[in-house]
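[1] sequence? don't have it. structure:
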């Protein structure tokens, strides 16, 4: 009897151990299943966010195609304020005209007179003043683009007036060469002496989570060498002749062109009430219609906690109104 009781007790212990082990396996399987389900859900959310961002880009492209006067960028259609829903995903997008920005690929050209070259450099210097930046980035940008190896010195600037060539870049911890050619993408500016992410993208505004605007919002590497006054933001307009165009005047110019786009650059002269001598300072720098029309599109897709962003630059076909080519594409 005692031996039978021991056997039964031993078997009971074995059963309890088996049950305990099986319970661990069941719990582990249940936990793993929940984790896999969560990973799958997050992956699906990310895919949905990615396609929502692409949908935003396609919507913006369609808007550009069907907007007959694509040369004029009015804020009410260029920026989609409310998210558009796609089932449980959504997207917002923003369109900016590149021809209203300062083209840093066309700061120095052989056909430019010394006066025009200086005026183009002064556009960037004025932009530096607006954002309280040191001037040194301006000659450094010029040196990055020009084909020679001579360091640019802006003799009409009292401080921070020297650029950089290989003698600077080759001494960096990770050395590289000055390009001595056109910028391919605007983020290439980050390779230039004096450029930082805070300067380029904008720094946080104190306790405000939103960032101030950076140089990237006002510089371009696409299109013609003139600034389209029908699409230029207020900050770029101020850089043209700051002694006559302050912030209020710039917004007045924008309000005027929203009523009716400028058909001639001379209309700006009439609005400002400036004489011919002053107008000649800016007339070689501006236009009312660009030969090449580039637009940047930023689309943000979201699905629950997943977010995807498309940043693109498209060239529009002036004759058909459709997209001629995608000049830049980045999705992250």
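    Ah, there it is. From a predicted model like this one, the values you see are computed outputs, not experimental measurements.
[2] Distance from the chain centre to stretch 301-317, please.
    11 Å (Cα atoms, centre = their mean, to the nearest Å).
[3] For that stretch, buried residues please.
    301-303, 306-316 (16 or more other Cβ atoms under 10 Å). The way it works is simple: take the backbone N, C-alpha and C, and place the C-beta from them, glycine included.
[4] Likewise for stretch 318-332?
    Those would be 323, 327-328, for stretch 318-332 by 16+ other Cβ under 10 Å.
[5] Report pLDDT for residue 159.
    Looking at residue 159, its pLDDT stands at 88.
[6] where's it, which helix or strand?
    Following DSSP states H and E, one finds residue 159 outside all helices and strands.
[7] Likewise for residue 245?
    Using DSSP H and E, no helix or strand contains residue 245.
[8] Over to the one 4 residues further on?
    With the criterion set as DSSP H and E, the secondary-structure element containing residue 249 is helix 247-259.
[9] What of residue 143?
    Per DSSP H and E: helix 137-145 holds residue 143.
[10] which is the next helix or strand following that helix?
    helix 166-169.
[11] Touching, residue 138 and residue 123? I think so.
    No - contact criterion Cβ atoms under 8 Å: residue 138 and residue 123 do not qualify, at 9.2 Å.
[12] And the two? Which one has more around it.
    Per other Cβ atoms under 10 Å, whichever of residue 138 and residue 123 has more neighbours is residue 138, with 29 against 20.
[13] The more buried one: what's it in contact with?
    121, 124-125, 128, 154, 157 (Cβ atoms under 8 Å, 6 or more residues apart in numbering).
[14] Same question for residue 286.
    If you count contacts by Cβ under 8 Å, 6+ apart, residue 286 has them with 226-229, 240, 265, 268.
[15] Just the residues you listed: which are in strands?
    227-228 (DSSP state E).
[16] hey, where'd the helices end up in the chain?
    Along the chain, the stretches classed as helices by DSSP state H are 2-66, 75-78, 114-130, 137-145, 166-169, 197-201, 234-240, 247-259, 266-272, 276-282.
[17] which parts of the third one are buried?
    Residues of helix 114-130 classed as buried by neighbour count (16+ other Cβ under 10 Å): 116, 119-128, 130.
[18] what does that helix contact?
    Under Cβ under 8 Å, 6+ apart, the answer for helix 114-130 is 102, 104, 106-108, 112, 133-135, 137-139, 141-142, 154, 156-157, 215, 218, 227, 235-236, 238-240, 242, 281-282, 284-285.
[19] please redo it, this time with the cut-off set to 6 Å
    Applying Cβ atoms under 6 Å, 6 or more residues apart in numbering, the external contacts of helix 114-130 come out as 102, 107-108, 135, 138, 235, 239, 242, 284.
[20] Verify the stated contact: residue 218 with residue 101.
    Yes - in this structure, residue 218 is within contact of residue 101 by Cβ atoms under 6 Å, at 5.4 Å.
[21] Which one's more surrounded, those two?
    residue 101 (27 against 20).
[22] Could you measure from that one over to residue 62?
    Distance, residue 101 to residue 62, by Cβ to Cβ, to the nearest Å: 23 Å.
[23] Skip the chain neighbours and tell me the closest residue to residue 309.
    The shortest distance from residue 309 to any non-neighbouring residue, by Cβ to Cβ, 6 or more residues apart in numbering, is to residue 300 (5.1 Å).
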